[in-house]
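> Got a predicted model here, sequence first, then my questions.
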Amino acid sequence: MPNQKKNGSLFSSKWGLILSVLGIAVGTGNIWRFPRIAAQNGGADGAGAFIIAWVACLFLFSIPLIIAEYGIGRHGRKGIIGSFINLVGEKYAWMGGFIGFVATAIMFYYSVVAGWCLYYFIESVYSGLPQNIEQAETVWYGFQGSVFPSVFHALMIGAGGYIVVKGISSIERINKVLIPSLLLVVIISLIRAVMLPGSFQGIEYLFTPDWSTLAEPRIWIEALTQNAWDTGAAWGLILTYAAYMRSKDDITISALQTGIGNNIVSLLAAITIFSTVFGTLGSTMNDGQILEIMQSSGPAGTGLTFMWMPQLFEQMAGGRLFAILFFLGLTFAAFSSLISMIELASRVLVDMNISRKKATVGVCLTGFAFGLPSAISTDILANQDFVWGVGLLVSGAFMSFAVIKFSPAKFRDQLVNTEKRKWTLGRWWEIIIKYVVPIEVFTLLVWWMYLSAFEYAPDSWYNPLSMYSVATVLLQWGVAMVLLIIYNKKIAAKTGNSD
């Protein structure tokens, strides 16, 4: 396998690989983002229609692309750009670059969210828990109005860089501690949440479908992008870790374990959050009023987990200890995912013959600078989450294109169904990667843009300064793509010369 010696050590075990990849997937996307996206897309009768769309997208988008990422990364033994070049040639280096840029753009504000987690962990250690929503909002908005989001943003990206500098063995070791610890505190929190009076009202709402909402393109776009957010599909992160994957590890089994295991954690987190909110407010409010509060907990619901989890723990015997454990686990989750994003960007530079130390320091300094606007304003963070979350659709299309260009049948036979496999990947995967994924991306994007222009925001869709407009998405994507296409030859030459 090319570049294996140059890359250094591989993962020492299948357990180390899966935990590290779960470190990518299981993070704030599960505990912070998924519950708020489910709340944002809940209908009058429930959020179950979103859950149905989300599960469908797991098998029709995320898992097929995770299989592709494992195959491309293990075959290329490089970062996202180098592996794209090895698979489909230098002409398409810009596509790999765009996938990497989307993940890096998410890293800029993800580090900010990771900083929130660390702050709330410290807050739970040194301060009392809020007695009601008013106190919780005071803590949240007081924190957001201070310099602390920027300070903790710097601390988290600096700590992540320290781990990445030491290489894949360091990443593997820390994930063997972080991920089991996180799963333990999630389960403890879940058990206590469902014991609250009225909690099953929240669970019922979460899983009751409002069938009419399935006709809305926004539901499907949110379901698909949340699935990509949940699992790490199409980010290039799994591809980057797959460069260190052992030859004997089974790609299909690893992909199923990654996707299904991750989404189970998301559901557990959502049950916990919905149980908490409905259990706390259910005696005084109806479903519609509770949902409105969940949707308005910060811009696009960004404060949902941070406002409501402390109230869950305040009602528990020994709640402060559990609050400390929960926010410690959430910090672990955010940190493990942040490490993978720093590794992705750093590995691209390492492939260009820049030392790992210099590459990582450069990535972290850039990440801090470009993340500052999101640290200062949650409105900017919500905009970036929207723009680059939807950008994962394009990343998925590019990943699918690379496999199609190489040949899905050859990819399946040569890169996935190796002699050491335990499970043979069927032809269903070829159909999904060749037809379903491109159709999903094209249909959802065109549908969303059309309705945004003519129904959702006819007066602002063309305004790039409008936070959720088509124009702001296309402008930011366009700038990244144009620059990558212009410099495609230079990027390809530098990456190719690393051989």
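Noted; the coordinates are in hand.

> Leaving out sequence neighbours, find the closest residue to Trp447.
Among residues not flanking Trp447 along the chain, Pro217 sits closest, at 4.2 Å (Cβ to Cβ, 6 or more residues apart in numbering). To be clear about C-beta, it is placed using only N, CA and C from the backbone, and glycine gets the same treatment.

> Quick check, central residue of the protein?
Taking Cα atoms, centre = their mean, the centroid of the chain lies closest to Trp229, which sits 3.1 Å from it.

> measure it to Leu237 for me?
Trp229 sits 11 Å away from Leu237, going by Cβ to Cβ, to the nearest Å.

> pLDDT on the one helix or strand the residue nearest to the centre of the chain maps to, on average?
For Trp229, the element it lies in under DSSP states H and E is helix 217-231. Helix 217-231 carries an average pLDDT of 83.

> for the helix or strand just after it, packing partners?
Remark: after helix 217-231, the chain's next helix or strand is helix 237-242, criterion DSSP H and E. On a contact count with 3 or more Cβ pairs under 8 Å, 6 or more residues apart in numbering; DSSP states H and E, helix 237-242 meets helix 14-25, helix 63-76, helix 80-88, helix 319-350.

> now the closest residue to the residue nearest to the centre of the chain other than its chain neighbours: how far from Ala234?
In space, and not counting its chain neighbours, Trp229 is closest to Gly29: 4.3 Å by Cβ to Cβ, 6+ apart. Counting by Cβ to Cβ, the separation of Gly29 from Ala234 is 13 Å.

> Settle it for me: which of these two has more neighbours?
Using other Cβ atoms under 10 Å as the criterion, Gly29 and Ala234 rank with Ala234 on top: 34 against 29.

> May I have the predicted confidence score for that one?
85.

> same check, this time on Ser181
So, for Ser181, pLDDT stands at 80.

> residues touching the spatially closest residue to Gly73 that is not a sequence neighbour, list them.
Leaving out its chain neighbours, the residue that sits closest to Gly73 by Cβ to Cβ, 6+ apart is Ala242, at 2.8 Å. With contact set as Cβ atoms under 8 Å, 6 or more residues apart in numbering, Ala242 has these partners: Glu69, Tyr70, Gly71, Ile72, Gly73, Arg74.

> how deep is the first one tucked in, by neighbour count?
If I follow you right, that is Glu69. For Glu69, using other Cβ under 10 Å, the count is 29.

> my guess is it contacts Ile238, does it?
Yes. With contacts counted by Cβ atoms under 8 Å, Glu69 reaches Ile238, the gap being 4.2 Å.

> Report the buried residues of the longest helix that the chain contains.
The residue-count maximum for a helix in the chain (DSSP state H) belongs to helix 93-126. Neighbour-count burial for helix 93-126 flags 93-124 (criterion: 16 or more other Cβ atoms under 10 Å).

> With stretch 136-152 instead?
The neighbour-count check on stretch 136-152 (16+ other Cβ under 10 Å) flags Ala136, Val139, Trp140, Phe143, Gln144, Phe148, Pro149, Ser150, Phe152 as buried.

> Quote the end-to-end distance of it.
Distance between the two ends of stretch 136-152: 19 Å, counting by Cα to Cα, to the nearest Å.

> The next helix or strand after the longest helix of the chain vs helix 93-126, what angle?
Sequence order places helix 133-144 as the next helix or strand after helix 93-126, per DSSP H and E. Put simply, helix 133-144 runs at 120 degrees to helix 93-126, going by axes from the mean of the first three to the mean of the last three Cα atoms, to 10 degrees.

> All good on my end, thank you.
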